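K.L.:
let's see this in three dimensions:
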Amino acid sequence: MKFSTVWKYYITESLLKTTIRTPSQLNIAPNVLRPLLDQACRLLPHHPHVKIRSLRLAGIRAEEIRANPTASQIILHIHGGAFFLGSLNTHRALMTDLAACTQMQVVHIDYPLAPEHAYPEAIDALIDVYQALLVQGIQPKDVIISGDSCGANLALALCLKLKQQPKSMPSGLILMSPFLDLSLSGKSIRDNQKHDALLSVEALQAGIQHYLSDGIQADDPRVSPLFDDLNGLPPTLVQVGSKEILLDDANRFREKAEQAGVKIHFKLYTGMWHNFQMLNAWFHEAQQSLKDLAEFATNLDRHPEDI
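P.N.:
Have a look, this model is predicted:
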């Protein structure tokens, strides 16, 4: 690794720890943290060759992002933020890159956040959004459901709900840095807490406290889909960084899903922290993750029998 590259990693990790991870360890109210995160994410460059259109689906704010005006395939993305942070603003840059690299239509959902909207309001809203797409005539075979961090939790939970309607199951599932175990029982929660430049244990704990409604335990499969029956899921891509405190969530999901007969494509990116894909403008590993994602999505569309 070149000396300049080492410094780039060091400076970026230091900046992330100072501006995002450290504030997330403090007891700051969600309505204070949200605009701060929105402002920080304004630094992320948008892809210049996409068009963004605001819309509503089942009463929920969303954005349609296209690089290819004739794209018929849809990636329905659910953003992360520990269930109480994140917005269309925080993830817009990543969504423009996702639309450009896949040449598919990206629909980005601004689902209701905790603590104002605790479980099950977010997943109920996402079910309504997905059904609204189908009512418009979109075929499940033309949809990939995607999510990052807690958005991956909700994406997986949505697919598990759709097992009750097998004909409505999307063609694929993408889990980026997935947060799937709200009981925080993974070994990497402890082992990587000093190495993950973006995500803190305290942020996860705050999110869990905000998200869980009365009577719901953290290890309940409804909120911790890692513990659910994974049989019947569509082909799934999992992306995770080696420095993530949620590394074990991804590893355990891979093991359980493979045992359940799910076709899993698992990608581990050495030296990367939580949600590293958002920094694809500067890091080779993040750029490669989008190429891997585009390859997975394209193969689902053109060669589903090979997935």
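K.L.:
mind listing the helices for this structure?
P.N.:
3-16, 22-24, 30-41, 88-102, 121-135, 150-162, 188-191, 201-211, 247-259, 284-302 (DSSP state H).
K.L.:
out of these, deepest packed?
P.N.:
Ranked by mean neighbour count under mean count of other C-beta atoms under 10 Å, those are led by helix 150-162, which reaches a mean of 25. The way it works is simple: take the backbone N, C-alpha and C, and place the C-beta from them, glycine included.
K.L.:
check which helices and strands it is in contact with.
P.N.:
strand 74-78, helix 121-135, strand 143-148, strand 172-176 (3 or more C-beta pairs under 8 Å, 6 or more residues apart in numbering; DSSP states H and E).
K.L.:
can you check which of those gets nearest to residue 114?
P.N.:
helix 121-135 (7.5 Å; C-beta to C-beta).
K.L.:
can you tell me how far residue 173 is from residue 90?
P.N.:
22 Å (C-beta to C-beta, to the nearest Å).
K.L.:
circling back to that earlier point, of the helices of the chain, which is nearest residue 237?
P.N.:
Nearest of the helices of the chain to residue 237, taken as C-beta to C-beta: helix 284-302 at 4.5 Å.
K.L.:
run the angle between that closest one and strand 172-176 for me.
P.N.:
Put simply, helix 284-302 runs at 170 degrees to strand 172-176, going by axes from the mean of the first three to the mean of the last three C-alpha atoms, to 10 degrees.
K.L.:
in contact with residue 210, which residues?
P.N.:
Contacts for residue 210 (C-beta atoms under 8 Å, 6 or more residues apart in numbering) come out as 30, 82, 83, 84, 114, 115, 118.
K.L.:
dump the residues you listed into a markdown table; add distance to residue 137 and pLDDT as well.
P.N.:
Listed next are the contacts of residue 210 as a markdown table, based on distance: C-beta to C-beta, whole Å; pLDDT from 0 to 100:
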| residue | distance to residue 137 | pLDDT |
| --- | --- | --- |
| 30 | 37 | 94 |
| 82 | 35 | 97 |
| 83 | 32 | 98 |
| 84 | 34 | 97 |
| 114 | 33 | 98 |
| 115 | 36 | 97 |
| 118 | 33 | 97 |
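K.L.:
neighbour-wise, which one of these leads?
P.N.:
In terms of neighbours by other C-beta atoms under 10 Å, the contacts of residue 210 top out with residue 83 at 31 neighbours.
K.L.:
look up how far residue 81 lies from the nearest residue to it once chain neighbours are set aside.
P.N.:
Leaving out its chain neighbours, the residue that sits closest to residue 83 by C-beta to C-beta, 6 or more residues apart in numbering is residue 211, at 3.9 Å. Residue 211 is 11 Å from residue 81, where distance means C-beta to C-beta.
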